[in-house]
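Chemist: Provided below are the primary sequence and the corresponding predicted coordinates.
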Amino acid sequence: MENISTGFIVGTSVSIILLIIGIIILIYSRNKMEKKRWAWILIVFGICALISGAINSGILLK
């Protein structure tokens, strides 16, 4: 791999953790028939962080 910055690795790790937590909370809340709006917010924030990290590292521009 070419020069992948530490910021990209940390940002990707954080976004993946947010996505996993959001999905787990969403599945758990559906089993209890509750609506958890903040689970969706975590998922959207994780996706945005992942896209932002990819753009900042230049992966999408190659």
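Modeler: Received the coordinates, thanks.
Chemist: okay, CA-based contacts and neighbour counts for the rest of this
Modeler: Fine.
Chemist: middle-most residue in this protein, spatially?
Modeler: Residue closest to the average C-alpha location in the chain (CA atoms, centre = their mean): residue 46, at 2.3 Å.
Chemist: so how far is residue 32 from that one?
Modeler: 24 Å (CA to CA, to the nearest Å).
Chemist: what's the helix or strand for the residue nearest to the centre of the chain?
Modeler: Assigned by DSSP states H and E, residue 46 belongs to helix 37-57.
Chemist: What lies in contact with that helix?
Modeler: 4-5, 7-8, 11-12, 14-19, 21-23, 25-26, 60-61 (CA atoms under 8 Å, 6 or more residues apart in numbering).
Chemist: please redo it, this time with the cut-off set to 10 Å
Modeler: Applying CA atoms under 10 Å, 6 or more residues apart in numbering, the contact partners of helix 37-57 are 3-27, 29, 58-61.
Chemist: Report the buried residues of it.
Modeler: For helix 37-57, the buried set under the neighbour-count rule, 16 or more other CA atoms under 10 Å, comprises 39-40, 42-47, 49-54, 57.
Chemist: for stretch 11-25, same thing?
Modeler: Within stretch 11-25, the residues that qualify as buried are 11, 12, 15, 16, 18, 19, 21, 22, 23, 25, counting by 16+ other CA under 10 Å.
Chemist: Quick one: neighbours of the residue nearest to residue 35 when sequence neighbours are not counted, just the number.
Modeler: Spatial nearest neighbour of residue 35, excluding adjacent residues (CA to CA, 6 or more residues apart in numbering): residue 29 at 6.4 Å. The local packing of residue 29 (other CA atoms under 10 Å) involves 14 other residues.
Chemist: Make 539 the starting number, not 1.
Modeler: Sure, I'll start counting at 539 from here, so that last one is residue 567.
Chemist: What mean pLDDT does the helix or strand encompassing residue 567 get?
Modeler: If you go by DSSP H and E, residue 567 is part of helix 544-569. Helix 544-569 shows a mean pLDDT of 85 in the predicted model.
Chemist: now do stretch 584-599
Modeler: 78.
Chemist: Convert the C-alpha atoms of that stretch to PDB, please.
Modeler: Output of stretch 584-599 as PDB, limited to C-alpha atoms (Å, rounded to 0.1, in the frame of the first residue of the first chain):
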ATOM      1  CA  GLY A 584     -20.400   6.600  10.300                       C
ATOM      2  CA  ILE A 585     -21.000   6.500   6.500                       C
ATOM      3  CA  CYS A 586     -20.200  10.200   6.200                       C
ATOM      4  CA  ALA A 587     -17.000   9.700   8.200                       C
ATOM      5  CA  LEU A 588     -16.000   6.800   6.000                       C
ATOM      6  CA  ILE A 589     -16.600   8.800   2.800                       C
ATOM      7  CA  SER A 590     -14.800  11.800   4.200                       C
ATOM      8  CA  GLY A 591     -11.800   9.700   5.100                       C
ATOM      9  CA  ALA A 592     -11.700   8.200   1.600                       C
ATOM     10  CA  ILE A 593     -11.900  11.600   0.000                       C
ATOM     11  CA  ASN A 594      -9.200  13.100   2.200                       C
ATOM     12  CA  SER A 595      -6.800  10.300   1.600                       C
ATOM     13  CA  GLY A 596      -7.200  10.600  -2.100                       C
ATOM     14  CA  ILE A 597      -8.400   7.000  -2.600                       C
ATOM     15  CA  LEU A 598     -11.400   8.100  -4.600                       C
ATOM     16  CA  LEU A 599      -9.400  10.400  -6.800                       C
END
